[in-house]
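**Q** Quick one, fold the following:
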Amino acid sequence: MKHTLLAAALVLPIGFEALAQDVGLVERTIPVPHHSQDMEMSVMFPATGQDAIMFADNAVFYGTPVLKDAMPLAGQHPVVLMSHGWGGNYARMAWLSAALAERGAIVVAVNHPNSTTFDLDLDEAFNHWTRAEDLSAALDSVLKDPTFAPLIDETRIYAAGFSYGGWTALSLGGVRANRDGLFSYCEAAGPQSQFCAELTKSAHDPASIDEDKYNASYKDARVSRVAAIDPGLTWELTSGDVVDLDAPLLLIGLGEGDDRLAATDTSARGSNFEALVPQASVQDIAPAMHFTALGVCKPAGKAILLEEKDDPVCTDPEGTDRAQVLGAIIDSVADHFDLN
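**A** The predicted model follows:
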């Protein structure tokens with residue numbers, strides 16, 4: 001296991017105002033048979049053109065420049081399947097998607113039905129397997145698309161994700177979940193875990209989660225490398241749960257000590273996931289915290305969230321430079337996927 005600590009202050013900052021290579025963006029909605037609704041999907045890719053717009057820009061977060069509905073550059077490109085976190089959306093991971101597209105990848109992301117920002121259904125959101133199925137369906141879509149299919153190198157299909165999405169990437173790589181591990185974690189964490197608190201407050205009966213489906217494999221054999229940023233759901237797994245994982249794996253952890261989120265600490269006693277995957281490259285970044293991976297906040301972002309009594313996602317540990325942390329993540333993921 002390669003284990004490195006990346007101090008954010010030692011990483012060169014990345015320029016989010018302009019990318020070296022133009023990035024195109026196409027957004028569409030596709031049908032998915034395992035949901036009762038269609039699914040929103042985005043594709044970012046190397047492109048050329050003019051008149052960029054700022055995508056995913058709002059009062060709290062800076063956006064990233066893209067060429068909306070541009071044509072992709074010719075050539076053979078790897079595909080990165082990108083998964084957002086619990087209650088997130090693909091726009092919040094646009095900083096990473098655009099950076100990987102700038103380095104030559106076609107990045108396919110989705111708003112996971114039932115566990116996204118404007119569609120959080122607690123009766124369905126804990127059915128983690130549907131998220132892996134979402135990305136497999138999105139991959140099917142681009143592989144049939146007359147514009148993108150001829151440009152895809154099918155030997156280089158990768159999966160990446162953050163938090164709950166980090167688990168989704170692991171799932172696509174062949175890691176199986178353990179429903180009892182979720183219950184054990186929630187019992188230990190109590191109300192300190194927002195994830196578990198939501199489960200407790202809901203009318204949803206945790207015991208009604210289909211154990212067979214929860215613990216099954218959702219490996220997509222087309223995925224040949226996996227990168228998971230602060231992944232969830234790794235508690236109480238066993239060697240049998242990782243036997244199908246044969247893809248090279250990158251694990252990125254955010255924060256240390258009290259700034260490390262217990263639910264996503266892959267080295268924690270309850271998880272000990274890192275010990276199950278000694279072949280993985282493990283990189284810890286500090287100072288940082290879990291939500292540092294949501295993008296660079298604007299100067300007023302922290303105050304806006306406090307006023308709205310929202311999660312303090314712009315409140316980083318002292319000494320954190322978000323641009324540098326995100327730059328470190330981009331470099332690590334791009335290197336793992338052997339991007340230019």
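
**Q** what's the residue lying closest to Arg322 once chain neighbours are set aside in contact with, if anything?
**A** Distances taken as CB to CB, 6 or more residues apart in numbering put Val296 closest to Arg322, at 4.8 Å, once the chain neighbours are dropped. C-beta here means a position set from N, CA and C on the backbone, and glycine is covered the same way. Listed by CB atoms under 8 Å, 6 or more residues apart in numbering, the contact set of Val296 reads Phe16, Phe61, Tyr62, Trp95, Arg322, Ala323, Leu326.

**Q** Serialize these to TSV and add fields for secondary structure, pLDDT and neighbour count.
**A** What follows is the contacts of Val296, written out as TSV (DSSP: H, G, I helix; E, B strand; the rest coil; pLDDT from 0 to 100; neighbours: other CB atoms under 10 Å):
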residue	secondary structure	pLDDT	neighbour count
Phe16	coil	46	19
Phe61	strand	98	20
Tyr62	coil	97	18
Trp95	helix	98	27
Arg322	helix	97	22
Ala323	helix	97	18
Leu326	helix	98	25
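
**Q** can you put those residues in JSON lines and add distance to Ala138?
**A** Shown next, in JSON lines, are these (distance: CB to CB, whole Å):
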{"residue": "Phe16", "distance to Ala138": "25"}
{"residue": "Phe61", "distance to Ala138": "24"}
{"residue": "Tyr62", "distance to Ala138": "26"}
{"residue": "Trp95", "distance to Ala138": "20"}
{"residue": "Arg322", "distance to Ala138": "28"}
{"residue": "Ala323", "distance to Ala138": "29"}
{"residue": "Leu326", "distance to Ala138": "24"}
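
**Q** which strand is the longest one in the protein?
**A** Counting residues, the longest strand found in the chain (DSSP state E) is strand 152-162.

**Q** The next helix or strand along the chain from that strand - what's its average pLDDT?
**A** Using DSSP states H and E, the next helix or strand after strand 152-162 towards the C-terminus is helix 164-173. Throughout helix 164-173, pLDDT has a mean value of 98.

**Q** Stretch 64-73 now?
**A** Mean predicted confidence for stretch 64-73 is 95.

**Q** Just the CA atoms of that stretch, as PDB, please.
**A** Below are the C-alpha coordinates for stretch 64-73, written out as PDB (Å, rounded to 0.1, in the frame of the first residue of the first chain):
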ATOM      1  CA  THR A  64     -15.900  26.800 -13.900                       C
ATOM      2  CA  PRO A  65     -15.800  27.900 -17.500                       C
ATOM      3  CA  VAL A  66     -17.300  25.600 -20.100                       C
ATOM      4  CA  LEU A  67     -18.400  25.700 -23.700                       C
ATOM      5  CA  LYS A  68     -22.100  24.800 -23.600                       C
ATOM      6  CA  ASP A  69     -23.100  22.300 -26.300                       C
ATOM      7  CA  ALA A  70     -19.700  22.500 -28.000                       C
ATOM      8  CA  MET A  71     -18.300  19.800 -30.300                       C
ATOM      9  CA  PRO A  72     -15.700  17.400 -28.800                       C
ATOM     10  CA  LEU A  73     -12.200  17.300 -30.100                       C
END
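
**Q** Same question for that stretch: list its buried residues.
**A** Under the neighbour-count criterion of 16 or more other CB atoms under 10 Å, stretch 64-73 has Thr64, Pro65, Val66, Leu67, Ala70, Pro72 buried.

**Q** What is the burial count for the residue nearest to Ser239 when sequence neighbours are not counted?
**A** Spatially, and ignoring its direct neighbours in sequence, Ser239 is nearest to Leu276 (6.0 Å; CB to CB, 6+ apart). Other residues lying near Leu276 total 19 when counted by other CB atoms under 10 Å.

**Q** Run through the residues that contact Leu276.
**A** Counting by CB under 8 Å, 6+ apart, Leu276 makes contact with Leu237, Thr238, Ser239, Asp241, Val242.

**Q** could these be laid out in TSV, adding neighbour count and pLDDT?
**A** Formatted as TSV, those follow (neighbours: other CB atoms under 10 Å; pLDDT from 0 to 100):
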residue	neighbour count	pLDDT
Leu237	21	95
Thr238	12	94
Ser239	9	96
Asp241	21	97
Val242	21	98
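
**Q** Which member of those is positioned nearest Val23?
**A** Nearest to Val23 among these: Val242, at 34.1 Å, using CB to CB.

**Q** quick one: low-confidence ranges for this protein?
**A** Along the chain, the model assigns pLDDT under 70 to residues 1-20, 202-206.

**Q** Quick check, central residue of it?
**A** Centroid check for the chain by CA atoms, centre = their mean gives Gly161 as the closest residue, at 2.0 Å.

**Q** now the angle from the helix or strand hosting Ser224 to helix 164-173?
**A** If you go by DSSP H and E, Ser224 is part of strand 223-229. Computed by axes from the mean of the first three to the mean of the last three CA atoms, to 10 degrees, the angle separating strand 223-229 from helix 164-173 equals 160 degrees.

**Q** about what we covered before: what are the contacting residues of the longest strand of the chain?
**A** Under the contact criterion CB under 8 Å, 6+ apart, strand 152-162 has outside partners 76-85, 88, 93, 96, 100, 105-106, 135, 139, 142-143, 167-169, 172-173, 220, 222-231, 293, 333, 337-338.

**Q** Which of these are buried, as a ChimeraX select command?
**A** Remark: buried members of those, expressed as a ChimeraX selection using 16+ other CB under 10 Å:
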select :77,78,79,80,81,82,83,84,85,88,93,96,100,105,106,135,139,142,167,168,169,172,173,220,222,223,224,225,226,227,228,229,230,231,293,333,337
